[in-house]
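Colleague: Generate a structure from the sequence data that follows.
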Amino acid sequence: MSRILLVEDNDLNIDMLSRRLKKRKFDVVVAITGADALTKAHTEKPDVILMDIELPDLDGWEASRRLKSDPATCAIPIIAVTAHAMAEHQAKSLEAGCDDIETKPVDFDQLVAKINRLLTRRGGT
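Modeller: Okay, the predicted model is just below:
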């Protein structure tokens, strides 16, 4: 079972995404701050990280940069999940090291396809 680290500070989004991901047989671990995401990326060893960009302490871009610069976590694919659909926000997400982007409101089937593509590319299931 693939493990997803869901980094999200909105309770409704956490509930909706985690329930739907669990129905698709993903193991879901939740972090609600950027600092918590850094810790859980090390301790939980997720296969993919879904990274909200607007977080209360460390924004998702900075958290992604730190994860990608750390040898212990740099290989974990990150999907930026953001309400910002503008090209410059998407470019900033890719520049921060995110492997893909999903805009809110989330198209769940499209998100799962992105997760599965990244898992396949990484060699996971």
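Colleague: Was I right to think residue 60 contacts residue 51?
Modeller: Yes. Between residue 60 and residue 51 there is a contact under C-beta atoms under 8 Å: 4.4 Å. Every residue, glycine included, has its C-beta placed from N, CA and C.
Colleague: More neighbours: these two, which one.
Modeller: residue 51 (31 against 26; other C-beta atoms under 10 Å).
Colleague: That one and residue 9, how far apart?
Modeller: As for residue 51, its distance to residue 9 is 11 Å (criterion: C-beta to C-beta, to the nearest Å).
Colleague: ok so residue 79 is a strand residue?
Modeller: Yes. According to DSSP: H, G, I helix; E, B strand; the rest coil, residue 79 belongs to a strand.
Colleague: hmm, back to that, which residues are in contact with both of residue 60 and residue 51?
Modeller: Counting by C-beta atoms under 8 Å, 6 or more residues apart in numbering, the residues touching both residue 60 and residue 51 are 7, 80.
Colleague: Could you list the residues in contact with stretch 118-125?
Modeller: 2, 47-48, 75, 77, 79, 99-100.
Colleague: ok, which stretches of this structure are strands?
Modeller: In the chain, the segments counted as strands under DSSP state E are 3-7, 27-31, 48-52, 78-82, 100-103.
Colleague: With mean pLDDT and distance to residue 89 added, can I get the ones you listed in a markdown table?
Modeller: What follows is the strands of the chain, written out as a markdown table (pLDDT from 0 to 100; distance: least, C-beta to C-beta, whole Å):
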| stretch | mean pLDDT | distance to residue 89 |
| --- | --- | --- |
| strand 3-7 | 98 | 17 |
| strand 27-31 | 98 | 21 |
| strand 48-52 | 98 | 13 |
| strand 78-82 | 96 | 6 |
| strand 100-103 | 95 | 8 |
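Colleague: Export the ones you listed as CSV, with columns for distance to residue 68.
Modeller: Shown next, in CSV, are the strands of the chain (distance: least, C-beta to C-beta, whole Å):
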stretch, distance to residue 68
strand 3-7, 14
strand 27-31, 16
strand 48-52, 10
strand 78-82, 7
strand 100-103, 13
